[in-house]
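> Sequence isn't available, so here's the structure alone:
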């Protein structure tokens, strides 16, 4: 149920929620995030290991944040590691299933896997470029340019054959480069094993609130040593998504009435490993597919924000979404004796297509020109071919001075095609009367090819002065060259036909410094000052917009504590940070055409807490909390468009605005218990509750119009953002396993909370019809599922 809160009421709710969470946490003995840990066999060794229902060794987690394997307790940065077992327990098939359990991480879904916007620590993407980097093993995936809408389509792997997901919070620019200014998500895939042969197969069925049909999934995988030096690993997984959104449109063209958001996601991977005496080579290929009939978006009353008719939406034209990623990687590790050499090569080909129903947006255009009521859509096709190469030479671990030298190269060729047709309401050709009878039914047809080329040199080092004090530092010199062409072949009101090109080049320097002090053998205090950047680039050609935008840069100041006590049964991580963000890239809409400007400054301050407690063998409790205050320090620059006798001003953000989709407070509680049974059988039970504070969907928009007259006149409209209410959700699971079998039951959103990930008004952009409804993406409705896996 939607509730309206005054600021005082909302603040009081936040205080009560946090107080209740902390009180419950203390009652449990300082619980903490099981998702932040890996698992190791603690119960009966064989059954637990093969059944995947082990307890947790709280001090045996390794991460690769610094591009070498290290104990998570000894790394001076904020990291959450989500292991394969935790992904399986919660049936996490996309980022929204686990994001709320990671402090400082926000993921907004537009209704299907692969349509996700990611931010960390309040550094919300306000343009088409991403502020969070994504890696698969040793190489980046996803565009660094401004023309592939990277911020809207973050990589969302179906996590089968994923060993772990590492979430690195704060800028990671010195080691991971462009786009990782807010943080990094790193998928670590399972490596072929030379020692053991394994085959596994699994299947599942699920029931979702509001869906008439069941959802199904199935998966299989194998690992086969081919010889003493060769091993092969292969896997395939498919998840058929049940639809649960119905259609309220009275006369849709090509859309059904019920469960219109059915879809599927699939993943296939093959990896071949060769291990020599001093060299290891791995070649891998992977394909990820997402295919959805429509988005999981529902219609809300534009005033009360209550659902108009349950899980239903107004869809006149089908809104399919398709995304395919073909990814190939070659990694060579060579032990050179005095140091280790790494070569990481990747090539990826990404295809994205989506259609958005714009009938209500442009509903009054045709009647305004004397024609009939018409329908409209926006069809967007994105293609990206990306090649990356990194060479690294790094010292052996454990030396007083650990160093790393590297070079990086990336080349992207992108295509962005936007097509905006109008048709009669029945799908037939649209005919307008004179003098508009020349209209061919196309509001816009735009081709935007682009290239992005980056080279970088980077170095990282850490010197251990004594057993307690260590000082680390890193630098990175980057250069990117970009080209962009805007080819408008058809246009009517929105754009004018023509071909224009822009290019840009820029040099960027990023750095970091990290002192750390070991207060006791179990307590680490560290500081970190780091910079990051989001590449600029050539702009779309629009009156009032600059020909190019500069890089967006930030500096982060972080102070952290990592401690363990009670014989390592209690772990506590506490981090405080401030981020100063400059030259923010802001998407702006001028006369219906989007482009970019460099905005002003913003500040993000916050505190993150992660605790883990294991009171007895087999039981792990967790508590996470993150507080963030991210807002604009000044108005975004005014965009001015002039014509004879007319002056138009536009501001896309005002001083004091909160960062979009960034909650002030989030927290989560988790519990996992493993119970040994007879023989190799064991049982595990667990769950988590997550709470997300209210958010806004955008920054404040100011539009002003000045007419010279006579008489002189002026108009100003201030449009505040929508507020999205806070919510909580409860997830549960139970599993029974032995050496070969695992049977698992799970529930997501047990109480079926109707809360929202994104929210936007659907309004007439031509006439005065106003807002028709508010479109919102609900969080996953209640889902109950059963899974079975067999390993041999």
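Sure thing, it's come through. Treat the numbers as computed from the prediction; the structure is a model and nothing was measured. Numbering: from 1, shown residues only.

> Quick one, grab the pLDDT at the residue of the chain most remote from its centre.
Relative to the centre of the chain, the most outlying C-alpha is that of residue 710, 51.9 Å out, by C-alpha atoms, centre = their mean. On the pLDDT scale, residue 710 is placed at 85.

> who does the helix or strand containing residue 286 pair up with?
If you go by DSSP states H and E, residue 286 is part of strand 279-292. Take DSSP bridges as the rule and strand 279-292 pairs in its sheet with strand 263-275 (antiparallel), strand 321-335 (antiparallel).

> buried stuff in the first one?
What it means is strand 263-275. 263-269, 271-275 (16 or more other C-beta atoms under 10 Å). C-betas here are computed from N, CA, C, even on glycine.

> Quick one: mean pLDDT for it?
Mean predicted lDDT for strand 263-275 stands at 97.

> Now do the helices in the stretch 151-300 of the chain.
For the stretch 151-300 of the chain, the helices defined by DSSP state H, counting those that start in this stretch cover 173-176.

> which stretches of it have low pLDDT?
Scanning the stretch 151-300 of the chain for pLDDT under 70 picks out no residues.

> Give me the nearest residue to residue 322, chain neighbours excluded.
Residue nearest to residue 322 in three dimensions, not counting chain neighbours: residue 353, with 4.6 Å by C-beta to C-beta, 6 or more residues apart in numbering.

> Please pull out the lowest mean pLDDT helix or strand from this structure.
helix 45-51 (a mean of 34; mean pLDDT, DSSP states H and E).

> one step back: for the residue nearest to residue 322, grab the count of nearby residues.
Residue 353 sits with 16 neighbouring residues when counted by other C-beta atoms under 10 Å.

> picking up where we left off before, quick one: the strands paired with strand 279-292 as TSV, columns for distance to residue 281 too.
Output for the strands paired with strand 279-292, formatted as TSV (distance: least, C-beta to C-beta, whole Å):
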stretch	distance to residue 281
strand 263-275	5
strand 321-335	5
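
> Would you mind saying which of those strands lies nearest residue 125?
strand 321-335 (18.0 Å; C-beta to C-beta).

> And that closest one, how far out from the chain middle?
Put simply, strand 321-335 sits 19 Å off its chain's centre (C-alpha atoms, centre = their mean, to the nearest Å).

> In its sheet, which strands sit next to the helix or strand following it, and in what direction?
Note on strand 321-335: by DSSP H and E, the next helix or strand toward the C-terminus is strand 339-357. If you go by DSSP bridges, strand 339-357 pairs up with strand 321-335 (antiparallel), strand 374-395 (antiparallel).

> Buried residues, the first one. List them.
Going by neighbour count (16+ other C-beta under 10 Å), the buried part of strand 321-335 is 321-325, 327-334.

> now it: mean pLDDT?
For strand 321-335, mean pLDDT is 97.

> Distance check, the residue most central in space within the chain against residue 124.
Geometric centre of the chain, nearest residue: residue 118, 3.1 Å, by C-alpha atoms, centre = their mean. Residue 118 is 10 Å from residue 124, where distance means C-beta to C-beta, to the nearest Å.

> which residues do these two both contact?
106, 131 (C-beta atoms under 8 Å, 6 or more residues apart in numbering).

> so which strand or helix has residue 86?
helix 84-89.

> Pairing partners for the helix or strand that that helix is followed by, with directions?
Once the chain leaves helix 84-89, the next helix or strand it forms, by DSSP H and E, is strand 105-109. The strands beside strand 105-109 in its sheet (DSSP bridges) come out as strand 116-120 (antiparallel).

> for the strand it pairs with, what is the average pLDDT?
93.

> Stretch 608-624 now?
Throughout stretch 608-624, pLDDT has a mean value of 95.

> and residue 135, how many neighbours?
Neighbour tally, residue 135, other C-beta under 10 Å: 23.

> so which strand or helix has it?
strand 132-136.

> Now whichever helix or strand comes after that strand: average pLDDT?
Counting by DSSP H and E, the element after strand 132-136 in chain order, helix or strand, is strand 139-140. Over the span of strand 139-140, the pLDDT mean works out to 96.

> partners of strand 139-140 in the sheet?
Strand 139-140 has the following strand partners under DSSP bridges: strand 132-136 (antiparallel).

> what's the strand it pairs with in contact with?
118-120, 123, 140-142, 154-155, 157, 172, 176-180, 182-187, 189, 286, 327, 329, 346.

> Please apply the same query to stretch 554-568.
Contacts of stretch 554-568 (C-beta under 8 Å, 6+ apart): 58-59, 73, 76-78, 121, 123, 170-171, 181, 522-533, 570-582.

> Buried ones in stretch 239-251, by neighbour count?
239-249.

> what do you get for stretch 657-672?
So, applying 16+ other C-beta under 10 Å, buried residues of stretch 657-672: 657-672.

> next one: stretch 675-687
For stretch 675-687, by 16+ other C-beta under 10 Å, it's 676, 680-687.

> for stretch 244-264, the distance to its chain's centre please.
27 Å.

> Kindly confirm my reading that residue 367 is in a helix.
Yes. Membership of residue 367 in a helix is supported by DSSP: H, G, I helix; E, B strand; the rest coil.

> How many residues are close by it?
Residue 367 has 13 nearby residues by other C-beta under 10 Å.

> wait, it sits on residue 373?
Yes. Counting by C-beta atoms under 8 Å, residue 367 touches residue 373, with 6.1 Å between them.

> Any regions of this structure where pLDDT drops low?
1-60, 493-495, 543-544, 589-594, 767-769.

> how distant is stretch 763-773 from the center of its chain?
With C-alpha atoms, centre = their mean as the basis, stretch 763-773 stands 31 Å off its chain's centre.

> my bad, should have said stretch 290-297
On C-alpha atoms, centre = their mean, the centre of stretch 290-297 falls 17 Å from the chain's centre.

> Pull the residues that contact it.
The contact list for stretch 290-297, computed with C-beta under 8 Å, 6+ apart, reads 109-115, 156, 241, 243-245, 255, 260-265, 313, 315, 318-324, 775-778.

> hmm, 6 Å instead?
111-114, 245, 260-265, 313, 319-323, 775, 777 (C-beta atoms under 6 Å, 6 or more residues apart in numbering).

> need the helices for the stretch 551-700 of the chain, in chain order.
Going by DSSP H, counting those that start in this stretch, the stretch 551-700 of the chain shows no helices.

> ok, then the element right after the least confident helix or strand of the chain?
Downstream of helix 45-51 (by DSSP H and E), the next one is strand 62-63.

> partner strands of whatever helix or strand comes next after that next one, parallel or antiparallel?
Downstream of strand 62-63, the first helix or strand assigned by DSSP H and E is strand 70-71. Using DSSP bridges, strand 70-71 pairs in its sheet with strand 62-63 (antiparallel).

> Among the strands paired with strand 279-292, single out whichever gets nearest to residue 790.
Of all the strands paired with strand 279-292, strand 263-275 sits nearest to residue 790, with 19.3 Å by C-beta to C-beta.

> one step back: is it correct that the residue nearest to the centre of the chain is in contact with residue 106?
No. Taking contacts as C-beta atoms under 6 Å, residue 118 lies outside contact range of residue 106: 7.2 Å.
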